[in-house]
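>>> dropping the sequence and predicted coords here.
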Amino acid sequence: MVPGRLATAFEAKPNNLLVAGRRDCYIPTSSSSASHKPLPHAIKTHHQEQAHTLSQSSVEFALHRCLEAVYINTPCSMALLIKPSGNHSATKKKPSLPPRDLLFLLVVVAGRKKVSIGCVASSSSARSETPSSSSGGADVSPAMAAAATHVKAVATIKVTVGGFLSSLRPSRAIDDLKDLIGRSLYLELEKPTLRSYAHKVAVNDDEVTYEADFDVPADFGDVGAVLVTNEHYFTEMFLENIKLSSDDSSSSDDVSATAAPVLDIRCNSWVQPNSGDGNGNGDEPGKRVFFANKYPLCARYRAFGTKWAAPLVPAAATGTNGAAGSADQTPAGLVSYRKKDLEEKRGNGHGERKSTDRIYDYDTYDDLGDPDANPDKARPVLGGSKQFPYPRRCRTGRPMSTKYPDTETRKGSNYVPRDEAFSEVKQLQFSVTTLQQVLHAAVPAVQSTLINPNLEFPSFFVIDKLFEDGVKLPKAEDLGFLRSALPRLLQTLRDSPGDQVLLFDLPANVKKDKFGWMRDEEFARETLAGINPYAIELEFPLKSKLDPAVYGPAESAITAEVLERQMGHVMTVAQAMKQKRLFMLDFHDLFLPYVHKIRALKNTTMYGSRTIFFLCDDGTLRLLAIELTRPASPTQLQWRRVFTSSTDTTESWLWRMAKAHVRAHDSGHHELVSHWLRTHCAVEPYIIAANRQLSEMHPIYQLLHPHFRYTMEINALARSALINAGGIIELSFSPQKYSMEISSVAYDKLWNFDTEALPADLIRRGMAVEDPNAEHGLRLTIKDYPFANDGLLIWDAIKGWVKAYVARFYPDAGSVAGDVELQKFWNDVRTVGHADKKDASGWPALDSPESLSHALTTIIWVASAHHAAVNFGQYDFGGYFPNRPSIARTNMPVEEPMDAAAYAAFLDNPDQALRECFPSQVQATLVMAVLDLLSTHSPDEEYLGGPETAPWNDDGEVRAAYGKFNARLKEIEGIIDGRNTDRKLKNRCGAGILPYELMKPFSQPGVTGKGIPNSTSI
């Protein structure tokens, strides 16, 4: 029973709720259409048309000061009525609040979402002729109503953890009130003509569906875009899609009964709440435009629904061959929206970015150091100089350091545009997995008692225990420096029991052959079928390009005599070179200039190295020799020595240690160059340029967008904890504080856009030659090269899909050259995103469908298959760290001038000397944990050619081409499976050999050693 003066109103209308915001308004909570009585004057109301924003302090004030609160249950919800009693103490001072902030009615409806939507006609004439409407549905005149088409818009909003948590805030009440009255999801078919508030029709576990109805006049024109306004005041929402259909007979309460959509717009974007700060000119923060993916489908024609329309803009009228999707081909009704959306995404280059922004701008890598925290963490700026050229990253706008004005401060998290952030599924998986892996790393840190964090493993038996027996989970107070290094992840340990057992999963290669890491054959095989297949090359004669006056003789110390002896004198070096049988891992010129700088650091060392292989008749590689070089210094002469396998015990142990050094070099090259630089780092400028210069309705934006998913977020995380000063790379890899400088050197000396294409990369390294009669147009130098063989299948599949897509939109060279947005995008990539290489060779001119297809194929290859090849096998090959140590910590015991004590200790216990050279317990397990994390597929992974990213427009040719792409990738999976069981292919099939599956397109979640995600997503 409702007390006092409120009883009459609520007893008269028990199925209605009061609303704060309209003087004479009740909100029906049932289908009753009876008239409503005026709002009782005992309830104070605001004199405004709409319920207005309430601050959190206002809500708290109302709740605190009221003396009467009455809960009223209705058939659909619950309302909380708050009425001042008039007997506040006169001696108490009230908070200073604007009169409009007083709250007298709160509606509590947990977990609801709200938005507003509208559609834009493609022609400006249609817009001007359509009458306006401001009611819940679109109003039209009686004459027009007869010819109008009833259109239903169905919007799907994803239920998010953020939305659930936000329901706990007091300020959520006003949002839920608006949802209850149906004024939260606002749709416009054309500003300001066709508008409609959407009403909720379905709630599932992870989705909420809203519907809005429009009566669209016959002369409205085709819907080219939908305007969506999030009428929440406090809550963002994730809009998945909007579907428009014209089936008048379907019930608005039955989403499943609607006809096939005439227009299906895939949004997958966060829409920010309307803060009420807009000026009424479409600048409201909560208003977004989502374009129909239909304009145009070729250079001269466009499609509406299922019919072809007249020419869009005659070429003769424009003087150009207007490009598909270009700005000058945009229907007149969409031009202003297209321009405004791009302007918003570019920003103005000023101010610090907020997490809710969707602004894409460039900056240098000036945020890797943290000298304000510790002067030893000062790092050079990468990018913008001849000394340290580098690709650009996304600008955050954080203030610069006052003491170090070239360095951006590291306060807060690294900004990424809102739509680039991880989904909540990905974030949850990433956080949980990260925590688990850090716990793995924490265990040996505690066992070493933290007295010496550089302590080696006491035996290989202890290393095996990480996988076999497990160890107890330490208490948080025992974690020492790891608590300060990763405080957020380790916070949950405070209440964790101390008797949990943790196990590292046994890496796949150890399951196959526990002692494979010791064999020369496996060392050689992994250069072709391992995690860094981009390093091996055909390069003879062995000659350095460095200055001999500084770094010593350019010629290698590896002589023909040494090589011929190791080849068993089956042929001469000259014959082997002629037959292309000598290959090399060349880490000489990249690392040699940094040897003395790195050696000045503690607990690490460095050499320049060359490693030579011989191609045997059965297609396998034989490891012949390793050369390690230390350049001269003011106090030391140059030292270099060649190591080979031997039956002599001492030489055999030296050989093992030399291999450990080369593996550490390969690990550094892999992580800093093949992985980080050539995928993560190089791709980010493509993402920024696409969002700055290509409208979201542009066909090339639609093609590329799936291949950019999560890349900016994972790169920001890398700058926070992986590649930053004191991060995991510096803690655990040989170059330590010089790691990113070396990556910059590699960018300067090795990176060119054209050679990022797989065929060009193979040719550059001498691993293939062009042959028009061979499959893929290439003849491989090593026939059984698993990465190249499988990779070329994937390359050709991508190429075929992209070529068909481009042909659909660009029929000739003029259509490519005349696409203004496309040319601006490419110019942005070259002159801004990769500005330090803008004058380098290798940038193609986008002047034909062929050149465009090749450039796009290269970008997609790098973001997907290249990254998969160097990422998802990291735990399989590096999880057992003796196989791929991230760091070599001690010099070779025979290095001159010889340390007599060290050499004696080596002779006495070479096993211990090797373990001391390997990473410490802390370094090894930390890297193992990170490799496990990076090798893990997320449950929401989207794979190359998968159904998640199928084209959603209604163009039959595009959909058919994508279908062929998907079918071809499934065929490739079968081809790879067949190759992995072919006993003639000894580099991928045999006793103890891990099958090569990194180029298999699809995978299940977890660490699988296969699967090619669309993007560089981890």
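Yes, it's here.
>>> domain ranges for this structure?
The chain breaks down into these domains under the TED database: 149-247+261-276+284-291, 333-409, 519-667+890-905.
>>> pLDDT on the first one, on average?
Right, the one you point to is domain 149-247+261-276+284-291. In this model, domain 149-247+261-276+284-291 has an average pLDDT of 71.
>>> quick one, strands of the stretch 301-450 of the chain?
Secondary structure of the stretch 301-450 of the chain (DSSP state E, counting those that start in this stretch): strands located at 303-304, 307-308, 362-363, 393-394.
>>> and the last one, which strands flank it?
Yep, that's strand 393-394 we're talking about. Partners of strand 393-394 in the sheet, by DSSP bridges, are strand 362-363 (antiparallel).
>>> who touches the partner strand?
For strand 362-363, the external contacting residues (C-beta atoms under 8 Å, 6 or more residues apart in numbering) are 392-396, 408, 685, 688, 832-833. For the C-beta atoms, the positions are set from N, CA and C on the backbone; glycine is no exception.
>>> same check on stretch 453-462?
So stretch 453-462 is contacted by 445, 448, 463, 481, 603, 882, 889, 911-912, 915-916, 918, 920-922, 924 (C-beta under 8 Å, 6+ apart).
>>> ok, back up a step: which of the contacts of strand 362-363 has the largest number of neighbours?
For those, neighbours were counted using other C-beta atoms under 10 Å, and Ile688 has the most, 28 neighbours in all.
>>> give the other helices and strands that the helix or strand harbouring that residue contacts.
Using DSSP states H and E, Ile688 sits in helix 682-693. Helices and strands touching helix 682-693, as assessed by 3 or more C-beta pairs under 8 Å, 6 or more residues apart in numbering; DSSP states H and E, comprise helix 335-346, strand 393-394, helix 699-704, helix 711-721, helix 820-828.
>>> can you add distance to Trp517 and mean pLDDT and give the ones you listed back as JSON lines?
Below are the helices and strands packed on helix 682-693 laid out as JSON lines (distance: least, C-beta to C-beta, whole Å; pLDDT from 0 to 100):
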{"stretch": "helix 335-346", "distance to Trp517": "49", "mean pLDDT": "92"}
{"stretch": "strand 393-394", "distance to Trp517": "36", "mean pLDDT": "98"}
{"stretch": "helix 699-704", "distance to Trp517": "40", "mean pLDDT": "95"}
{"stretch": "helix 711-721", "distance to Trp517": "28", "mean pLDDT": "93"}
{"stretch": "helix 820-828", "distance to Trp517": "45", "mean pLDDT": "97"}
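>>> among the ones you listed, which is nearest Asn752?
Among those, the nearest to Asn752 by C-beta to C-beta is helix 820-828 (15.5 Å).
>>> which neighbouring elements make contact with that closest one?
Taking 3+ C-beta pairs under 8 Å, 6+ apart as the contact cut, helix 820-828 packs with helix 682-693.
>>> just the CA atoms of the helix it packs on, as PDB, please.
Extracted in PDB, the C-alpha atoms of helix 682-693 (Å, rounded to 0.1, in the frame of the first residue of the first chain):
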ATOM      1  CA  ALA A 682      55.400  -2.400 -38.900                       C
ATOM      2  CA  VAL A 683      51.700  -3.000 -39.000                       C
ATOM      3  CA  GLU A 684      50.600  -0.300 -36.600                       C
ATOM      4  CA  PRO A 685      51.200   2.500 -39.100                       C
ATOM      5  CA  TYR A 686      48.900   0.700 -41.500                       C
ATOM      6  CA  ILE A 687      46.200   0.700 -38.900                       C
ATOM      7  CA  ILE A 688      46.600   4.400 -38.100                       C
ATOM      8  CA  ALA A 689      46.700   5.400 -41.700                       C
ATOM      9  CA  ALA A 690      43.600   3.400 -42.600                       C
ATOM     10  CA  ASN A 691      41.500   4.900 -39.900                       C
ATOM     11  CA  ARG A 692      42.700   8.500 -40.700                       C
ATOM     12  CA  GLN A 693      42.300   8.400 -44.400                       C
END
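>>> that one relative to helix 335-346, how many degrees between them?
For helix 682-693 against helix 335-346, the angle by axes from the mean of the first three to the mean of the last three C-alpha atoms, to 10 degrees is 140 degrees.
>>> now do helix 682-693, average pLDDT.
Here the average pLDDT along helix 682-693 is 98.
>>> residue ranges in this protein under the pLDDT threshold?
Within the chain, the segments meeting pLDDT under 70 span 1-147, 160-187, 189-193, 233, 247-262, 275-286, 294-329, 428-452, 469-503, 952.
>>> out of the helices and strands packed on helix 682-693, which comes closest to Asp505?
With C-beta to C-beta as the criterion, Asp505 lies closest to helix 711-721 of the helices and strands packed on helix 682-693, at 22.0 Å.
>>> so what does the helix or strand just after that closest one touch, helix or strand wise?
Per DSSP H and E, the first helix or strand lying C-terminal to helix 711-721 is helix 728-732. Applying 3+ C-beta pairs under 8 Å, 6+ apart, one finds that helix 728-732 contacts helix 739-750, helix 921-934.
>>> what distance do you get for Leu717 to Ile728?
Using C-beta to C-beta, to the nearest Å, Leu717 is found at 11 Å from Ile728.
>>> neighbour-wise, which of these two wins?
A direct count of neighbours by other C-beta under 10 Å for Leu717 and Ile728 places Ile728 higher, at 22 against 18.
>>> surely that one and Ala929 touch.
No. Checked against C-beta atoms under 8 Å, the pair Ile728 and Ala929 is beyond contact range at 9.2 Å.
>>> one step back: so can I have a markdown table of the domains of the chain showing distance to Cys681?
Formatted as a markdown table, the domains of the chain follow (distance: least, C-beta to C-beta, whole Å):
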| stretch | distance to Cys681 |
| --- | --- |
| domain 149-247+261-276+284-291 | 25 |
| domain 333-409 | 5 |
| domain 519-667+890-905 | 15 |
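>>> please identify the most buried of those domains.
Of all the domains of the chain, domain 149-247+261-276+284-291 has the most neighbours on average by mean count of other C-beta atoms under 10 Å, namely a mean of 21.
>>> span of it from start to end?
From its first residue to its last, domain 149-247+261-276+284-291 covers 21 Å (C-alpha to C-alpha, to the nearest Å).
>>> just stretch 411-419 next, same as before
22 Å.
>>> got it, and stretch 1010-1017?
So stretch 1010-1017: terminal residues 14 Å apart, C-alpha to C-alpha.
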